[in-house]
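K.L.:
Got a sequence here, can you model it:
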Amino acid sequence: MTQDTLLDAALGFHQLGWSVLPVDIHKKPVVRGWKRYQSEQADADQLTQWFTPGASGGRIEGVAVILGQVSGDLVVRDFDTADGYALWSEKHPELVDVLPTVKTARGHHVYARIAGCRTLKFPDGELRADGAYVVAPPSRHIAGVTYTWLRAPSSVESIPLVDVSVFCEPDPCEPRETRETKPLPAWPVAPDSPAVPECPDVPRTPVILETPVIPEFLGCLVHLGSQELQTQIETAIAQTVPAGVGKRNDGIFRFARRLRSIPELSGCAGISMRDIVRRWHEAALPTIGTRDWDETWADFLHAWERVKQPYGETLDGVIERASKADDPPCALRFDSEKTRLLIRLCRELQRMASGDPFFLSGKVVAGVVGLEIATTYRRLDLLVHEGVLVRIRKGHTGRASEYRYLGG
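P.N.:
All right, here's what the predicted structure looks like:
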């Protein structure tokens, strides 16, 4: 293996939109202050300088990829044993043929994308996520083994978004704790809904107050008087309470996704749901390792802002809604139904993303609206020039761009 080989790999990963680092034979980064690349990517010129023959005193023996949001929500399930990977493969044959996979010195690395995920530990390895890094092919292990792709990624679109549950199923060899589920106390029901005062500090749609009112959150509390809403929240709690230690972060993110799918809550500020999250925390106390309420509350607020796709929301559902929706006024300026469908699709994606930008791949959109890929990119440029869209960031080769829908 030569430095040129590592450079080619590093540039290839960069084109996939991944944040890349050089590492030594002990899998340690050779770049000072490397943690800055947990939130920003080195450019191609920097990579070329790092991987130049003789750079860093000849200590570079591999290339590493930083995981998480900086690399498009990339995660890696690290199976330390062949048996662990084999057991997972038997349960998920539909993913074995899709997810990029690497043969390592001891087991396998399986690449996927999961939004808002943190590193989780398992008996047979771990799920590495936001901020962590993984050594990638064609790096050389200290034992003399070369990391090898069994199934290499061809593009960003070839790495699907999956639910974290596909990697977090309980180990059948581990004893399962049996316990009696303690019923949750009834929700306090407000007899009447008072008027909603102004709440200038929360840039969300005002929600109805619960009584009694806590002064510092005046106008920002969720009213829980609706029996239907209570039932939906109780269901979200029951379905996301962690099954054991090490699953708290995943449970919190899944809880946030399920709450986002409830229409009465989807547009609310996270700070308005303190009491709801407190109930989830109380229900989770028998099984979670981190019992500090403040930690759960902080993690929920972080997760709430990062949820881009509510529970049960799929691209097919977005496409179906867009195809059936009425044209917004700005679409009437265009003659082609395919252009108008593209506008409606962008409007639905913006609704999903709330006030944040949304990602859009020209290749994916081309198949949806029935245009050639090159034509799709020109139509997107047209919508930018017309002021229907604003392009926040243009994607690298094979990576989706970020847009914001302006409408009009």
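
K.L.:
so how far is the top helix by length along the chain from its chain's centroid?
P.N.:
Ordering each helix of the chain by length in residues (DSSP state H) puts helix 337-353 first. Centroid separation for helix 337-353 versus its chain: 21 Å, with CA atoms, centre = their mean, to the nearest Å.

K.L.:
how about the helices in this protein?
P.N.:
Counting by DSSP H, the chain has these helices, from start to end: 3-15, 44-50, 82-91, 93-96, 227-240, 248-260, 263-266, 274-284, 293-306, 315-324, 337-353, 362-369, 373-385.

K.L.:
Could you report the pLDDT at the most centrally placed residue in the chain?
P.N.:
Centroid-nearest residue in the chain, with CA atoms, centre = their mean: residue 115, separated by 0.7 Å. Predicted confidence (pLDDT) for residue 115: 85.

K.L.:
Quick check on it: phi, psi?
P.N.:
Phi and psi for residue 115, reported as degrees, to the nearest 10, are phi -80, psi 130.

K.L.:
how close does the residue lying closest to it once chain neighbours are set aside get to residue 294?
P.N.:
Sequence neighbours aside, residue 73 is the residue nearest to residue 115 in space, at 4.9 Å (criterion: CB to CB, 6 or more residues apart in numbering). Heads up, the C-betas are built off the backbone N, CA and C, glycines and all. Distance, residue 73 to residue 294, using CB to CB, to the nearest Å: 26 Å.

K.L.:
Please say which of those two ends up with more neighbours.
P.N.:
Remark: of residue 73 and residue 294, residue 73 carries more neighbours, 21 against 8, as counted by other CB atoms under 10 Å.

K.L.:
ok, residue 344 - how many residues close by?
P.N.:
22.

K.L.:
give me every residue that touches it.
P.N.:
Counting by CB atoms under 8 Å, 6 or more residues apart in numbering, residue 344 makes contact with 322-323, 325, 327-328, 331.

K.L.:
pLDDT at it, what is it?
P.N.:
As predicted, residue 344 sits at a pLDDT of 93.

K.L.:
Return the distance of it relative to residue 319.
P.N.:
Computed as CB to CB, the residue 344 to residue 319 distance reads 10 Å.

K.L.:
Quick check, residue 75 in contact with residue 67.
P.N.:
Yes. Under the criterion of CB atoms under 8 Å, residue 75 makes contact with residue 67 at 5.7 Å.

K.L.:
who touches both of those two?
P.N.:
Jointly contacting residue 75 and residue 67 under the rule CB under 8 Å, 6+ apart are 128-129.

K.L.:
what's the distance between stretch 88-102 and the middle of its chain?
P.N.:
Taking the mean of its C-alpha atoms, stretch 88-102 sits 19 Å from the chain's own mean (CA atoms, centre = their mean).

K.L.:
Compute the first-to-last residue distance for that stretch.
P.N.:
Start and end residues of stretch 88-102 are separated by 15 Å (CA to CA, to the nearest Å).

K.L.:
Flag every buried residue along that stretch.
P.N.:
Buried residues in stretch 88-102, defined by neighbour count with 16 or more other CB atoms under 10 Å: 88, 92, 95-96, 99-102.

K.L.:
repeat for stretch 342-357
P.N.:
Residues of stretch 342-357 classed as buried: 342-350, 352-353, 357 (neighbour count, 16+ other CB under 10 Å).

K.L.:
Name the spans of the stretch 201-350 of the chain whose pLDDT lies under the cut-off.
P.N.:
Within the stretch 201-350 of the chain, the segments meeting pLDDT under 70 span 201-226, 308-316.

K.L.:
can you give me the strands in the stretch 1-150 of the chain?
P.N.:
For the stretch 1-150 of the chain, strands defined by DSSP state E, counting those that start in this stretch occupy the ranges 19-23, 62-66, 74-79, 101-103, 108-113, 120-122, 125-128, 133-136, 148-151.

K.L.:
Quick check: which of those strands is nearest to residue 273?
P.N.:
The closest of the strands of the stretch 1-150 of the chain to residue 273 is strand 120-122. By CB to CB, the value is 24.1 Å.

K.L.:
re earlier: which of the helices of the chain is buried the deepest?
P.N.:
helix 248-260 (a mean of 25; mean count of other CB atoms under 10 Å).

K.L.:
State the distance from residue 117 to residue 255.
P.N.:
According to CB to CB, residue 117 stands 14 Å off from residue 255.

K.L.:
my guess is residue 148 meets residue 105, correct?
P.N.:
No. With contacts counted by CB under 8 Å, residue 148 stays clear of residue 105, the gap being 10.4 Å.

K.L.:
that older thread, just flag whichever of the strands of the stretch 1-150 of the chain has the lowest average confidence.
P.N.:
Among these, strand 120-122 scores lowest, at a mean of 86.

K.L.:
Okay, buried residues for it please.
P.N.:
Neighbour counts over strand 120-122 (16+ other CB under 10 Å) mark 120, 122 as buried.

K.L.:
Residues contacting it, please?
P.N.:
Under CB under 8 Å, 6+ apart, the answer for strand 120-122 is 126-127, 129, 164, 167-168, 171, 246-247, 249-250.
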